[in-house]
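> attaching a predicted model along with its sequence, questions to come.
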Amino acid sequence: MERKKLTIPDIRKKKQEGRKITLLTAYDYPSGRLIDEAGVDIILIGDSLAMTVLGYESTVPITMDEMIHHAKAVKRGVRYGLIIGDMPFMTYNIGEKETVRNAGRFIKEGGCGAVKIEGGTEMTGVVKALVRAGIPVLGHIGLTPQTATQLGGFKVQGKDAASAQKLLDSALALEKAGCFAVLLECVPDKLAKLITEKLGVPTIGIGAGAYCDGQALVTNDMIGLFDRFTPKFVKKYADLWPLLLNAFKRYKDEVEAGKFPTEEHSFTMNDSELKKIKTKRRTK
Ligand code: KIV
């Protein structure tokens, strides 16, 4: 069957038909291309890029310009998946005009089909403004890394009845405001199940158990290409860090030992041509 570009109605249909949605983050051309070729539905240019690729301590410092630069590279590698741009901290809660302008950059310059914003009920005004401007929005509640300090750090959210209620209310409010899906990060699986059952739009979980309509992971976590920490919810499908380190070390050792390059990786020329080269400097 010929593969076609995935749309937002296709994502909604997957929930209705009980088919799981997949999401991975991508930050450049090769990751975009590989993830798309693997058939993953949603390719998120996550602001995790700040930490996994740019080496910042948190996601907070990354700018719109940096995100757009990487979104453009991802876009060049993706043919079928839905590409989503993650709005950086302080680019979407700073007045309607500026918010729409920033989100619009992901669509116009970055080639994205939607944006993601962090936050619950308090973000419904922002969601409405974006949807009014024709920009589809993926909501993100639970552990929201941009404001993790307010939440007491990188902790599971919604473990008691009061905070769980707040998350359910937020999910419903985001749906009502126009989000086409809601990402649930680090919430107990039974709460994620309840939210998934109550919402008409899909839920996509990351550290939210098996009952969500879809699953997300940060690519550099699941391929072992982030050196600082690995959250409990991450399954490593590959372990690239030691693999790459070994390749770089072998290269260094072989060059130093004169083992690379050999003839196999060199270009040749005829000796007769070589002899024609004048090696003595002509004098006048
Ligand atoms: O930035 C990111 O990678 C995210 C994840 C939760 C998917 O938002």
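Great, that's in hand. Numbers count the residues shown, from 1 in each chain.

> Leu183 against Val218, yeah?
No. Counting by Cβ atoms under 8 Å, Leu183 does not reach Val218; the two are 12.0 Å apart. Yep, even glycine has a C-beta here, placed from its N, CA and C like the rest.

> with neighbour numbers in mind, choose between the two.
Using other Cβ atoms under 10 Å, the more surrounded residue of Leu183 and Val218 is Leu183, with 27 against 22.

> quick check: next helix or strand after the helix or strand containing that one?
Under the criterion of DSSP states H and E, Leu183 resides in strand 181-185. Counting by DSSP H and E, the next helix or strand C-terminal to strand 181-185 is helix 189-198.

> in that next one, what counts as buried?
191-196 (16 or more other Cβ atoms under 10 Å).

> ok, those residues vs the ligand, which is closest?
Ala192 (13.8 Å; Cβ to the nearest ligand atom).

> give me the pLDDT value at the closest residue to the closest one other than its chain neighbours.
Closest residue to Ala192 apart from its sequence neighbours, by Cβ to Cβ, 6 or more residues apart in numbering: Ala208 at 4.0 Å. The model reports Ala208 with a pLDDT of 98.

> so who does Ala208 touch?
142, 184-189, 192 (Cβ atoms under 8 Å, 6 or more residues apart in numbering).

> quickly find the element holding it.
Going by DSSP H and E, Ala208 is not part of any helix or strand.

> in the chain, what residue lies closest to the ligand?
Residue nearest to the ligand within the chain (Cβ to the nearest ligand atom): Gly46, separated by 2.3 Å.

> isn't that residue up against Thr25?
Yes. Between Gly46 and Thr25 there is a contact at 3.9 Å, judged by Cβ under 8 Å.

> and the stretch 151-284 of the chain, which residues reach the ligand?
With Cβ under 6 Å from any ligand atom as the criterion, the stretch 151-284 of the chain comes near the ligand at residues 185, 206, 216, 218.

> check the contact between the second one and Thr219; I expect there is one.
Meaning Ile206. No. Applying Cβ under 8 Å as the test, Ile206 and Thr219 come out as separate, 11.8 Å apart.

> what segments of the stretch 151-284 of the chain are helices?
Assigned by DSSP state H, counting those that start in this stretch, the helices in the stretch 151-284 of the chain fall at 161-177, 189-198, 219-222, 240-256, 271-275.

> so of these, which one's packed in deepest?
Greatest average neighbour count among the helices of the stretch 151-284 of the chain goes to helix 219-222 (a mean of 21), per mean count of other Cβ atoms under 10 Å.

> quick one: contacts of that one?
24-27, 31, 35, 48, 52-53, 225-226, 230-231, 234-238.

> and the residues you listed, which are buried?
Buried members of the contacts of helix 219-222, scored by 16+ other Cβ under 10 Å, are 24-27, 31, 35, 48, 52-53, 225-226, 234.

> could those residues go into CSV alongside pLDDT, secondary structure and distance to Arg132?
Formatted as CSV, the buried ones among the contacts of helix 219-222 follow (pLDDT from 0 to 100; DSSP: H, G, I helix; E, B strand; the rest coil; distance: Cβ to Cβ, whole Å):
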residue, pLDDT, secondary structure, distance to Arg132
Leu24, 98, strand, 30
Thr25, 98, strand, 28
Ala26, 98, coil, 28
Tyr27, 98, coil, 30
Ser31, 98, helix, 32
Ile35, 98, helix, 31
Ser48, 97, coil, 28
Thr52, 97, helix, 33
Val53, 98, coil, 33
Leu225, 97, coil, 39
Phe226, 95, coil, 37
Val234, 97, coil, 36
